[in-house]
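Participant: Attaching a predicted model along with its sequence, questions to come.
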Amino acid sequence: MMSLYLTIGAAVLGAGALVGWVISKKKKPAAAAAGAPAPKANPFFSKIKKLHAEDVSKLEEVLLEGDLGAATTDYLLSQIKVASGESFEKTKESLGHEMVALLKTPDRSLDTLLEQNHPLVISIVGINGAGKTTTIGKLANYFKSSGKKVLLGAGDTFRAGAIAQLKTWADRVGVDFVTGREGADPGAVAFDSVAAGKARGMDVVLLDTAGRLHTKSNLMEELKKIHKVVKKVIPEAPHETWLVLDGTLGQNSLNQAKEFQQSLGLTGLVVTKLDGTAKGGAIFPVSRELSLPVRFVGVGEAVEDLIPFEPEKFVQAILG
C-alpha cells in the first residue's frame, strides 16, 4: 500500500502529524507496519514556549502560507486575542478551538440521510481535473463497504472517455451502472439513473455530471436542468449536491466554490489530492464563507483512500 503523506503546507499545516491521522484510518498501514517514526508536530508550534511580538507575525505568516487566506487569517488572529508573554500552549489551544469552529458540521449525518431517503440521490459536481469521476468511484466503494446498494449514473456525456472511466469504476467496485451514449442528453441519463435506482431498491444513487462546457454559464444551466429533471422521479432529489475540489488549487478553490454555490446551492464538499503538494488550508475559508461542511477527503490513489472528514482530528494534526 502506498504511504500517505499529507503535506498540507510545508510551513504551518503539520504534514507529519497529518500522516498519523490518515494512516490511523487504514486497516493495515504500511508505514506503521514498517516501524515508521511517530509524526512530529510543526516546529513553530512545538518549540516556542512563550509568545513574543515577533512570533505573532510568524503565526500570521504560516497561516497565510497554508492557504487560509488573508480574511480567514485575520479573523482567526482577532478571535484568539494574542497577547505578548502569554503561554503559547494557551494560544495554540485557542487557535485550535477557533479553527474547528470554522469547519462546519453537516446538518444531517450520512446515516440520517440514508434512513430518510430511498434511494439517497447525491449529485457530484466540479470542474474537470478535480478528480470528480474517481471520487464517485471511491464513494461507491465506501457506501458498498458499509453494506449499501449503490448505482452510478454516468451523466458526464460531454467529456470523451468519462462514461468508460465511470463504467470501469462500477465494475471494479461491483455496483450498478446506468448510462447513455456519448453526447447524449445528460438530463435523460440522470432521470434514467434515479428511476432505475428507485425501481431496483438502491440505497444510494451517485450522479456524475459534466465539468466543462463552452462557458461556465452553460455548465451551470446544464447542471440546473439535471437537478430539475430528477425531481420528476423523486421531488426532493438530489438530496445532496457535493462539490469536488482539487486540494492543490489553494485560494482558487474558494472562487470555484462560490460559483457552484450561487448556481446550485451546494450541501457539502469533497476535497481531493491531499496526498501530494496540497496545502489544504483553503478548506477553512471555503467552509467559513459558504457555510459548507467537508464530507470526505481524498488522501491517496487506492480505492479506500477517500475517508470521512473529521474536523477535530484534522486541526489537531495541523497544530500537533
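Facilitator: Everything's here; your move.

Participant: from here on, contacts and neighbour counts on C-alpha atoms
Facilitator: Noted.

Participant: Please report phi then psi for Leu151.
Facilitator: phi -130, psi 140 (degrees, to the nearest 10).

Participant: again with the one 4 residues further on
Facilitator: Main-chain torsions, Gly155, degrees, to the nearest 10: phi -80, psi -10.

Participant: contacting residues for it?
Facilitator: Thr179, Pro186, Gly187, Val189, Ala190, Leu207, Asp208, Thr209, Ala210 (CA atoms under 8 Å, 6 or more residues apart in numbering).

Participant: One more: Gln79?
Facilitator: Glu98.

Participant: quick one: pLDDT of it?
Facilitator: We have a pLDDT of 88 for Gln79.

Participant: Break down the stretch 1-150 of the chain into its helices, ranges please.
Facilitator: 15-23, 30-33, 43-47, 53-65, 70-80, 88-102, 110-116, 132-145 (DSSP state H, counting those that start in this stretch).

Participant: and those helices as CSV, adding distance to Ser291?
Facilitator: Formatted as CSV, those follow (distance: least, CA to CA, whole Å):
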stretch, distance to Ser291
helix 15-23, 24
helix 30-33, 35
helix 43-47, 28
helix 53-65, 20
helix 70-80, 13
helix 88-102, 9
helix 110-116, 18
helix 132-145, 21
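
Participant: Which of these has the lowest mean pLDDT?
Facilitator: Lowest mean pLDDT of those: helix 30-33, a mean of 32.

Participant: closest to Gly153 out of the helices of the stretch 1-150 of the chain?
Facilitator: For Gly153, the closest of the helices of the stretch 1-150 of the chain is helix 132-145, at 9.8 Å, according to CA to CA.

Participant: Check which helices and strands the closest one sits against.
Facilitator: With contacts defined as 3 or more CA pairs under 8 Å, 6 or more residues apart in numbering; DSSP states H and E, the packing partners of helix 132-145 are strand 120-125, strand 150-154, helix 162-173, strand 204-208, strand 306-308.

Participant: related to what we said a few turns ago, how about the helices of the stretch 1-150 of the chain, which one is nearest Asp203?
Facilitator: helix 110-116 (7.0 Å).

Participant: What ranges does the stretch 151-300 of the chain have for its helices?
Facilitator: Using DSSP H, counting those that start in this stretch, helices in the stretch 151-300 of the chain cover 162-173, 186-199, 216-230, 252-264, 283-290.

Participant: got the buried residues for the shortest one?
Facilitator: Spelled out, that is helix 283-290. For helix 283-290, a neighbour-count test (16 or more other CA atoms under 10 Å) marks Ile283, Phe284, Pro285, Val286, Ser287, Arg288, Leu290 as buried.
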